[in-house]
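Asks: next input, structure requested:
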Amino acid sequence: MTIYRWLVPPIVVTALVGFYIGPDKRWPSTDSLTTSSATIAEKYRADADRLIDAALTDNTAYQRIGYIADVFGPRLSGTPSLEASIDWVMDQMRRDGFDVVKGEPVMVPHWVRGDESAELVAPRRQKLNMLGLGSSIGTPPGGVTAPLIVVSSFDELTRRSAEARGKIVLFDVPFTTYRETQPYRTQGAVAAARVGAIAILVRSVASASMQSPHTGNMRYDSTVVRIPAAAVSVEDALMLHRLIDRGEKPVVTLRMGAQMLPDVQSRNIVAQINGSEKPEEIVVLGGHIDSWDVGRGAMDDAGGAVAAWEAVRLIKKLGLKPRRTIRVVLWTNEENGARGAAAYRDAHSNELSRHVLAIESDNGTFAPVGFCVTGSEFVLAAGQGVGSLLSRINAGTVERERDGPETDIAPLVEKGVPGMGLTVDRTKYFWYHHSAADTFDKLDAREVASCVAAMAVMAYVMADR
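Replies: Numbering: from 1, shown residues only. Alright, predicted model coming up:
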């Protein structure tokens, strides 16, 4: 989960939220919002309960997530495993009887990690638990060896810029929220290169750790030299910081075989059930099929992708016929480029005005809480009406999104499509996020089924009302 929404500057978020406070041309005026909400609950209670019951008694989603995670494993853009998983999903969707199933081509980056290591060489020798950051360049074949400087903020790096020249900079920044902590991963190499550092390490962006490094994408700036970038485990970052606090002068060797190869072709998976009365109007829901090259991408985001897929399969299985088309999109390359999101927007530019809602699940398939909305007051009120149908699975909280839309629907939201993100209990999410621990065993069958139920009810009612 790249979560580019956390990177949107506050002024842009304010502007987006402000824009959506006004009426949305896809939805009626804001008159009688309370009445509308009550009407939704009254009209759709029986169908919602059928969908919830079906989701809670069908383990297809849980089994399919496990199959993707265990059989195909990591699914980084540019890898055969990603393309094989896409082939399998499309074949299963055809067996499910979707009206349309197709793969839409997307050119994606092909970054290869290669062999890598980090080692403390003074005042003693110890291997460090590390993962190179996505899109980083590699080191020379023999690696880079240099003294370490530890900083806890960009401001501290600026104050100590003279000390950083020729050194490896470690950003030891405690996890608070992803929005606050993640910029050190994405922007740290640029900041360090500006003051003459030769490489960076970052304390893994993780809320808990058992010597588990967490990867994620990083960025370069054409105005400064590119330097290698890697994450180290929380424990190793703390140990290195303590050495310096004790007056030691740690020296580290970093070796990375990372390289960026030419772009290759991947695909967005697009499947739909056609609307019964207004098939030209579309509700989109989905998640991303790609993952990082460590772990198995079970919660990030095979779970979200399959939950969306299963939600629509159940709608069809129960014989429900929404007035509008419901389209499942499993985006490619969310993790290290978001090319799939941009490609979907461009491929469907002529019908974006007929997209009435876009829903994404990319926060883990843990116990669902509800949805966050980026859209007009009417869309918010309609979503809250649907939320009242989800109270039995404790997923009825529907609130305005404060941090910007989910990554893959962001290009649609920027074009005026109302957006929603499934919110879940993320207590453990950043324990596993972008690490080798993102494996199928972390998911609970009941929680996955509840995510399917929440997605199914929201998508169906919003497509039918």
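
Asks: what's the longest helix in the protein?
Replies: If you go by DSSP state H, the chain has its longest helix at helix 33-56.

Asks: got a list of contacts for that one?
Replies: 28, 61, 310-311, 314-315, 317-318, 320, 377-378, 381-382, 384-386, 388-390, 392-393, 446, 449-450, 452-453, 456-457, 460-461, 464-465 (C-beta atoms under 8 Å, 6 or more residues apart in numbering). Placement of C-beta: from N, CA and C, glycine included.

Asks: just the buried ones from those residues?
Replies: By neighbour count, with 16 or more other C-beta atoms under 10 Å, those hold 61, 310-311, 314-315, 320, 377-378, 381-382, 384-386, 388-390, 393, 449-450, 452-453, 456-457, 460-461, 464-465 as buried.

Asks: next step: those restricted to helices.
Replies: The members of these that map onto helices under DSSP H are 61, 310-311, 314-315, 377-378, 381-382, 384-386, 449-450, 452-453, 456-457, 460-461, 464.

Asks: work out for me the element the nearest residue to Arg267 once chain neighbours are set aside sits within.
Replies: Sequence neighbours aside, Gly103 is the residue nearest to Arg267 in space, at 3.5 Å (criterion: C-beta to C-beta, 6 or more residues apart in numbering). According to DSSP states H and E, Gly103 maps onto strand 100-112.

Asks: paired strands for that strand, with orientation please.
Replies: strand 259-273 (antiparallel) (DSSP bridges).

Asks: buried stuff in the strand holding Gly103?
Replies: Val101, Gly103, Glu104, Val106, Val108, Pro109, His110, Trp111.

Asks: if we can go back for a sec, quickly list what the residue nearest to Arg267 is bridged to.
Replies: Beta-bridge partners, per DSSP bridges, of Gly103: Ile269.

Asks: how close does it sit to Leu285?
Replies: Using C-beta to C-beta, to the nearest Å, Gly103 is found at 18 Å from Leu285.

Asks: can you pull the contacts of Met458?
Replies: Counting by C-beta under 8 Å, 6+ apart, Met458 makes contact with Leu285, Ile359, Phe371, Gly383, Val386, Leu390, Met420.

Asks: my error: substitute Ala146 in the last question.
Replies: Gly166, Lys167, Ile168, Ile198, Ala199, Val251, Val252.

Asks: give me the buried subset of these.
Replies: Lys167, Ile168, Ile198, Ala199, Val251, Val252.

Asks: now do the helix or strand containing Thr145: distance to the chain's middle.
Replies: When elements are assigned from DSSP H and E, Thr145 belongs to strand 144-151. Strand 144-151 sits 31 Å away from the centroid of its parent chain (C-alpha atoms, centre = their mean, to the nearest Å).

Asks: repeat for stretch 357-372
Replies: 11 Å.

Asks: check whether the residue sitting furthest away from the middle of the chain sits in a helix, strand or coil.
Replies: The outermost residue of the chain, judged against the average C-alpha position, is Gly247 (40.5 Å), by C-alpha atoms, centre = their mean. Secondary structure state of Gly247, per DSSP: H, G, I helix; E, B strand; the rest coil, is coil.
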